[in-house]
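> sequence and predicted structure below; questions after.
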Amino acid sequence: MNPTPPLPTNLDRAAELLARGGLVAFPTETVYGLGAHALDPAAVARIFAVKQRPRTSPLIVHVPDLASARSLVRTWPDPAERLATALWPGPLTLVLPRNRDLPQLLTGGGDWLGVRIPSHPVALALLRRAGVPVAAPSANRFMQLSPTTADHVRSGLGDAVDAIVDGGPCTVGIESTVVALYPDGPTLLRPGGIPRHVLEHLLGQTLQSGAAPQPGQAHDAPGMHPRHYSPRTRTLVALPDVPLPAGRGAIVSHRTQAFDAGAGVQRIPMPSHAQDYARMLYATLHDLDSRGLDWIGLDLPPDEADWQALRDRMHRAAAD
Ligand code: TXA
Ligand code: MG
């Protein structure tokens, strides 16, 4: 374990801003969140405006403890108890039937609410001080790359937020795993920081897979848009046997030998371990996106259990 760093100096002010309806970007272990008082409809509406996010996309509500999580939902089935006990605080979001007195906008008008207890010490300290549940999507504009540093938030959202709390680089680096506890069985809506096999082991059953949204329908999982988490630079899946595009490009790869990179093509070495890779993925893409390249090539990691969330994000980053 790393030693616990000192808390940011603007934490009290950020907590007060949140409690009074302000917009505060803050670190979690997964990615930075764009937070607002979850019970204040006007504050929640500002999240959608700043992100330019469709109002049908539900938000995740962040709380510091189990009692607060349970107070937001109407049922707490056994699978919720098992997963929460084992994995919270941590990169898991549970989707459960919402309490009816919450703002409609939180759930995109639907009956299901996503809740999570983040493990980042700064997030927990902020949530405790704010004393209110905090709705927070990733702190980026709709469809763009999620931020894993305070600088990413600053360059993406800048003045649109009232405060940015800097808690250093995120340690998980990709978003939480989202599991809905539907009556017909636990359903994986978004792969993420906790691998599927860990959840299935804890539950003693197989997770169903959430359906991708149909065009024009209110969807279960906005993160399941085929194109999402994308750099602005043209991004593609690079395959060893397929010629690379012309121009200046970079290949992001976990292996040394796979590509015969020609002139003007840079190889960006990545870790060969999934957790280390995840911590670096978005930061690497943010950096490459700022270099004015003609393209970014993603060399997909192996189709194995520990790599599923990363493969998902890379496919989405590369989707047209
Ligand atoms: O790691 C994370 O989850 C980060 C940090 C800030 O906590 N948050 C995040 O939020 O990624 P956002 O809004 O960018 O992504 C929300 C995801 C959607 O892709 C969707 O799968 C799921 O959460 N979600 C949230 N509420 C839901 C609901 N009521 N029903 C179905 N899915 C929901
Ligand atoms: Mg997001």
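Done, it's in. Ligands and ions are numbered 1, 2, ... in the order given.

> residue 289: what's its closest spatial neighbour, skipping adjacent residues?
Using Cβ to Cβ, 6 or more residues apart in numbering and skipping residues adjacent in sequence, the residue nearest residue 289 is residue 231, 4.0 Å away. Bear in mind the C-beta positions are built from the backbone N, C-alpha and C, glycine included.

> can you count the residues close to that neighbour?
For residue 231, the neighbour count with other Cβ atoms under 10 Å is 21.

> start the count at 51, not 1, going forward
Happy to do that; since the first residue is 51 now, the last one works out to residue 281.

> that one contacts residue 340, doesn't it?
No: at 9.4 Å, residue 281 does not count as touching residue 340 under the criterion of Cβ atoms under 8 Å.

> residue numbers of the stretch 101-250 of the chain in contact with ligand 1?
108-110, 141, 143, 145, 157, 160, 162-164, 168, 186-188, 225-226, 228, 230, 239-240 (Cβ under 6 Å from any ligand atom).

> report the longest helix in the chain, please.
Using DSSP state H, we find that the single longest helix of the chain is helix 324-339.

> now do the buried residues in that one.
Residues of helix 324-339 classed as buried: 324, 327-336, 338-339 (neighbour count, 16 or more other Cβ atoms under 10 Å).

> can you give me the strands for the protein?
Taking DSSP state E, the strands of the chain run over residues 74-76, 83-87, 110-112, 142-147, 162-166, 184-185, 213-214, 227-232, 235-240, 258-259, 285-287, 299-303, 315-319, 345-348.

> now do the third one, average pLDDT.
Taken as a whole, strand 110-112 carries a mean pLDDT of 98.

> adjacent strands (with direction) for that strand?
Applying DSSP bridges, strand 110-112 is found paired with strand 162-166 (parallel), strand 184-185 (antiparallel).

> residues contacting the shortest one, please?
Looking back up the chat, that one is strand 184-185. The contact list for strand 184-185 (Cβ atoms under 8 Å, 6 or more residues apart in numbering) reads 68, 83, 85-88, 93-94, 97, 109-113, 156, 176-177.

> how many neighbours does residue 248 have?
The local packing of residue 248 (other Cβ under 10 Å) involves 16 other residues.

> residues touching the residue nearest to it when sequence neighbours are not counted, list them.
Distances taken as Cβ to Cβ, 6+ apart put residue 137 closest to residue 248, at 7.8 Å, once the chain neighbours are dropped. Residue 137 is in contact with 244, 248, 252, counting by Cβ under 8 Å, 6+ apart.

> mean neighbour count and distance to residue 365 added to the strands of the chain, as TSV?
Below are the strands of the chain laid out as TSV (neighbours: other Cβ atoms under 10 Å; distance: least, Cβ to Cβ, whole Å):
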stretch	mean neighbour count	distance to residue 365
strand 74-76	29	27
strand 83-87	30	24
strand 110-112	26	22
strand 142-147	24	21
strand 162-166	24	22
strand 184-185	28	28
strand 213-214	21	30
strand 227-232	23	17
strand 235-240	20	13
strand 258-259	13	15
strand 285-287	19	7
strand 299-303	22	13
strand 315-319	16	18
strand 345-348	24	9
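
> any chance of TSV for these, columns distance to residue 58?
Below are the strands of the chain laid out as TSV (distance: least, Cβ to Cβ, whole Å):
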stretch	distance to residue 58
strand 74-76	9
strand 83-87	14
strand 110-112	17
strand 142-147	24
strand 162-166	21
strand 184-185	16
strand 213-214	9
strand 227-232	27
strand 235-240	28
strand 258-259	39
strand 285-287	33
strand 299-303	31
strand 315-319	30
strand 345-348	32
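
> didn't residue 258 look like it was pressed against residue 236?
Yes: shown here, residue 258 and residue 236 form a contact pair, counting by Cβ under 8 Å, at 7.0 Å.

> need the helices for the stretch 101-250 of the chain, in chain order.
Remark: helices assigned in the stretch 101-250 of the chain by DSSP state H, counting those that start in this stretch are 116-121, 128-137, 171-180, 200-207, 246-253.

> pull the third one out as PDB, backbone CA atoms only.
So that's helix 171-180. Taking C-alpha atoms only, helix 171-180 is exported to PDB below (Å, rounded to 0.1, in the frame of the first residue of the first chain):
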ATOM      1  CA  PRO A 171      -9.500   8.400   0.400                       C
ATOM      2  CA  VAL A 172     -10.100  11.900  -1.000                       C
ATOM      3  CA  ALA A 173     -13.500  10.900  -2.400                       C
ATOM      4  CA  LEU A 174     -14.500   9.300   0.900                       C
ATOM      5  CA  ALA A 175     -13.400  12.400   2.900                       C
ATOM      6  CA  LEU A 176     -15.200  14.700   0.500                       C
ATOM      7  CA  LEU A 177     -18.400  12.600   0.600                       C
ATOM      8  CA  ARG A 178     -18.300  12.500   4.400                       C
ATOM      9  CA  ARG A 179     -17.800  16.200   4.700                       C
ATOM     10  CA  ALA A 180     -20.400  17.100   2.100                       C
END
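
> next, the buried residues of it.
Within helix 171-180, the residues that qualify as buried are 172-177, 179-180, counting by 16+ other Cβ under 10 Å.
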